[in-house]
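1. Need coordinates for the below:
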Amino acid sequence: MIVISTIRDVAKLAGVSVSTVSRFLNKSGYVNAETERLIKDAIEKLNYSPNEVARGLAGKKTNTIALILPDISNLFFSDLARAVEDVAATYGYTVIFGNSDDQGTKERRYIETLKKKYIDGIIFASNTLSREDSEMLAKLGIPFVCLDRGPSEKNGSVVRSKNKEGAVMAVRHLLDVGCRKIAHIYGPQDLITGKERLNGYVQSVQVFEWYTPTLLEPGDFRIAGGMAATERLLERHPDIDGIFAGNDLMAVGALKALQRRGIAVGCQVAVCGFDGIQTTEITTPELTTIAQPIYEMGAHISRLLIKKIEGVLEEDRIYELDVKLIARDSTLRRKVPNEQG
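-> Coordinates of the predicted model:
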């Protein structure tokens, strides 16, 4: 547990008044050399950050918020960032972006830097925000919200889509187009998105005789992971005729792996992704996907943070937005061109 020292703690240890410490921190008046020494010693002993407290004392507001993303190269997060920036601008806020690469240590460095730059609030789109860090931010009075991948047990408001419901929708669609053996390429299970989409798949298929856990393969939410997972699935189950990938990037990887084997996507093996990123519109064939309201999610989380900054919103909760099926050629079950009959 991190203990956050206050200006009163510093004043008490140094044996001076709070106003004297304030003058020293802000260089706004005379403080004699002996008193300066006492204050500096107290700051060092308490591991006190002057910048953090000066922020609270002066009531400084910079109209600047930070958005910490796990991977800006993923088009899903690029679209989210655009929405956050657009909405923030309408309220007169500037957005600073940081790329954490899903590394807790890198995210923590961002937090330490942002604390000292009078940032008004932070949006986390990663899963590496620790309970310790969230408690520290709360004690410092820095508002924050979690976008998409924030797990429910953390402090703060969370905005995400209905992941489990979307997975059920994907499997139902694959069954409706005639698939009789559906595999799932799942995302990291330390992410709520990966976990809930896997749960939705299992819930939908465990009643069928053909279901076996060997129809599951991890794909790390990346194209290369989707390709490798598809290869492994086909080695074990050459008769699969449907693949539900836990995000669109893995679905693109599945499409590439199938095409390399000469398997007709849609005709022989139907593929469905999840997210609704623009890439799904330019693949051949175009990919069916469970589309999240990406822009709406980014806009919503931006408004939530600004409300918290301005003291309008106090209660933390989880906001889950609806998803929708966008059916395209990757699940259009037609006969292979050279197939007889």
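
2. and Val159, how far is that from Tyr201?
-> 23 Å (Cβ to Cβ, to the nearest Å). In short, each C-beta sits where N, CA and C put it, glycine included.

3. any chance you could map the helices in this structure?
-> 7-14, 18-26, 33-46, 50-58, 75-90, 104-115, 131-140, 163-176, 192-205, 223-236, 248-260, 294-309 (DSSP state H).

4. Next, format the ones you listed as TSV and append mean pLDDT, distance to Gln268 and mean neighbour count.
-> Shown next, in TSV, are these (pLDDT from 0 to 100; distance: least, Cβ to Cβ, whole Å; neighbours: other Cβ atoms under 10 Å):
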stretch	mean pLDDT	distance to Gln268	mean neighbour count
helix 7-14	86	69	19
helix 18-26	80	70	18
helix 33-46	88	67	15
helix 50-58	47	60	17
helix 75-90	91	28	19
helix 104-115	74	42	16
helix 131-140	78	47	16
helix 163-176	97	13	20
helix 192-205	96	19	21
helix 223-236	98	11	20
helix 248-260	98	8	25
helix 294-309	92	31	22
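
5. Now do stretch 8-22: distance from first to last residue.
-> Distance between the two ends of stretch 8-22: 10 Å, counting by Cα to Cα, to the nearest Å.

6. Contacts for that stretch next, please.
-> Stretch 8-22 is contacted by residues 7, 28, 31, 35, 38-39, 41-43, 45-46, 48, 57 when judged by Cβ atoms under 8 Å, 6 or more residues apart in numbering.

7. biggest separation within these, which pair?
-> Farthest pair in the contacts of stretch 8-22 (Cβ to Cβ) is Ser28 and Lys45. Separation: 23.7 Å.

8. Quick one: end-to-end length of stretch 177-195, please.
-> This stretch, stretch 177-195, spans 25 Å end to end (Cα to Cα).

9. Repeat that for stretch 320-332.
-> Terminal residues of stretch 320-332 are spaced 30 Å apart (Cα to Cα).

10. And this protein, what are its domain boundaries?
-> Per the record, the chain has its domains at 7-56, 64-161+294-322, 163-292+326-331, by automatic domain parsing.

11. Let me know the closest of the contacts of stretch 8-22 to Leu175.
-> Tyr48 (60.7 Å).

12. how near is Glu310 to Lys61?
-> For Glu310, the distance to Lys61 - Cβ to Cβ - is 9 Å.
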